[in-house]
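In: Model the following, please.
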Amino acid sequence: MIIKCTINGKKSELNINPDDFLADTLRENGYVSVKKGCDTGSCGLCTIMINDKAELSCNFLSARADGQNITTLEGVQKEAKEFGDFLAEEGADQCGFCAPGFIMMVLAMKIELKNPTEEEVIDYLNGNLCRCTGYKGQLRAIHRYLNSVK
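Out: The predicted structure follows:
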């Protein structure tokens, strides 16, 4: 079946099977920032935005993306670099495996939350797993980033 959607501002037609998941469909179409680490929606690696809302693409059926506006890391490179600089300044960048999903979640947070508390940030990031850090540096970077873009 064919679905029509907008990916990173570009109108797209994707040939999918009814049981395909969006993470697989996006990777098959060249959006390699979308990674899979668990297939259960609990690691956050596959985070993208659909209509400016964070979604886990590993358990999002591709057919549901018909008519939607999808953003992957490839579509927000300037913003991702800007936040990545904050991560580096706080010593919170490590191996990078979790970075695409983590950055997408933070960029969605910037859209969805206004002046979030520490608890709201932690709750929002629940499920984004990073095995390299203790999250303290990442939390400092998030707060500095969100305060800089007001």
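
In: Quick one: the helices in this structure, in order.
Out: 22-28, 77-89, 99-112, 118-125, 136-148 (DSSP state H).

In: Export those as TSV, with columns for mean neighbour count and mean pLDDT.
Out: Using the backbone N, CA and C atoms, a C-beta is placed for each residue, glycine as well. TSV is the format used below for these (neighbours: other CB atoms under 10 Å; pLDDT from 0 to 100):
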stretch	mean neighbour count	mean pLDDT
helix 22-28	21	97
helix 77-89	16	93
helix 99-112	21	92
helix 118-125	14	89
helix 136-148	17	91
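
In: Just send those back as a markdown table, with distance to T6 too.
Out: Below are these laid out as a markdown table (distance: least, CB to CB, whole Å):
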| stretch | distance to T6 |
| --- | --- |
| helix 22-28 | 13 |
| helix 77-89 | 17 |
| helix 99-112 | 16 |
| helix 118-125 | 25 |
| helix 136-148 | 26 |
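
In: contacts for stretch 27-40?
Out: 7, 12, 14, 23-24, 26, 43, 45-46, 48, 57-59, 72-74, 97, 100-101, 129 (CB atoms under 8 Å, 6 or more residues apart in numbering).

In: What is the burial count for the residue lying closest to R140 once chain neighbours are set aside?
Out: Of all residues not flanking R140 in the chain, E90 sits nearest, at 4.7 Å (CB to CB, 6 or more residues apart in numbering). Counted with other CB atoms under 10 Å, the neighbours of E90 add up to 19.

In: Let me know the pLDDT of E90.
Out: On the pLDDT scale, E90 is placed at 90.

In: From Q138, how far off is it?
Out: Noted for E90: a distance of 7 Å to Q138, by CB to CB, to the nearest Å.

In: ok, now which ones touch the nearest residue to V34 once chain neighbours are set aside?
Out: Nearest in space to V34, with sequence neighbours left out and distances taken as CB to CB, 6+ apart, is L26 at 4.5 Å. By CB under 8 Å, 6+ apart, the contact set of L26 is 7, 34, 48, 57, 70, 72.

In: quick one, what contacts the residue nearest to D66 when sequence neighbours are not counted?
Out: Leaving aside its chain neighbours, D66 sits nearest to I3 (4.0 Å; criterion: CB to CB, 6+ apart). For I3, the contact set (CB under 8 Å, 6+ apart) comprises 13-14, 16, 62-63, 65-67.
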